[in-house]
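> Fold the following, please.
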Amino acid sequence: MHPKPHFERLALYNRWANRRLYDTASALTDAQFREDRGAFFGSLCGTLNHILVADRIWLERIEGSGPKPSSLAEILHDRLDDLHAAREAEDERILRMVQALPDDRFETILAYRNTAGTPFELPFAPVLTHVFNHQTHHRGQAHTLLSQFGLKAPVIDFVYFLLDR
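Next up is the predicted model:
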């Protein structure tokens, strides 16, 4: 299997799942969106911002340009509407980035520095897998937070994305 179509599918899934999650979150009040519920990043606001922050950090490492948040807990947008717009833009950026990757890039090593400045080198394709896996992990936390507010959290399993297509 060529890796590029696989990662393009993951980018499309990522956008699909994020849209479903944000559509459900739009039913929350501003206070609920910001309420600390004891999640790893506190609130739904903190959790969704963290996903965006991590995506921007990784895409800056991959592309060599773009926004570079300074903290994994940085709140880039404290209003859900603004965060939703930024998420949509980032999902499109991720999709464009994957589509533009030359086939041989998946066999390369990505050299980068973490947020503390420590240098690392890792195989590119597994790093890209991490980008999508990281989102899935924290979307699961956001899913739980939505359920805690009594909302019917959306089905966002990958297989349902495949069936929806």
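> where in the protein is pLDDT low?
Counting by pLDDT under 70, the chain shows low-confidence ranges at 1.
> And the strands in it, which stretches?
Here the chain has its strands, by DSSP state E, at 109-113, 119-123.
> Relative to residue 111, how far out is residue 123?
11 Å (C-beta to C-beta, to the nearest Å). (C-beta placed from N, C-alpha, C; glycine too.)
> quick one, which of the two is more surrounded?
Set side by side, residue 123 and residue 111 show more neighbours around residue 123, with 13 against 10, by other C-beta atoms under 10 Å.
> Contacts only, for that one.
The contact partners of residue 123, by C-beta atoms under 8 Å, 6 or more residues apart in numbering, come to 108, 109, 110.
> how near is it to residue 108?
The gap separating residue 123 from residue 108 is 8 Å, by C-beta to C-beta.
> Then residue 82?
35 Å.
> In space, what's closest to residue 78 - neighbours in sequence excluded?
Spatial nearest neighbour of residue 78, excluding adjacent residues (C-beta to C-beta, 6 or more residues apart in numbering): residue 45 at 6.4 Å.
> from what I can see that neighbour touches residue 33, true?
Yes - using C-beta atoms under 8 Å, residue 45 is in contact with residue 33, at 5.2 Å.
> Now do the shared contacts for the two.
residue 80.
> More neighbours: which of the two?
Using other C-beta under 10 Å as the criterion, residue 45 and residue 33 rank with residue 45 on top: 24 against 20.
> measure that one to residue 77 for me?
8 Å.
> What residues does the nearest residue to residue 95 once chain neighbours are set aside make contact with?
Closest residue to residue 95 apart from its sequence neighbours, by C-beta to C-beta, 6+ apart: residue 11 at 4.4 Å. Shown in contact with residue 11 (C-beta under 8 Å, 6+ apart): 91, 94, 95, 98, 99, 132.
> Tell me which two of those sit farthest apart.
Farthest apart among the contacts of residue 11 by C-beta to C-beta are 99 and 132. That separation is 14.7 Å.
> what does stretch 156-165 rub up against?
Where contact means C-beta under 8 Å, 6+ apart, the residues beyond stretch 156-165 that reach it are 12, 13, 16, 17, 20, 21, 139, 143.
> mind redoing it with 7 Å?
13, 16, 17, 20, 21, 139, 143 (C-beta atoms under 7 Å, 6 or more residues apart in numbering).
> can you list the residues you listed in TSV and add neighbour count and distance to residue 149?
Output for the contacts of stretch 156-165, formatted as TSV (neighbours: other C-beta atoms under 10 Å; distance: C-beta to C-beta, whole Å):
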residue	neighbour count	distance to residue 149
13	21	25
16	17	22
17	23	19
20	19	16
21	22	13
139	20	16
143	20	11
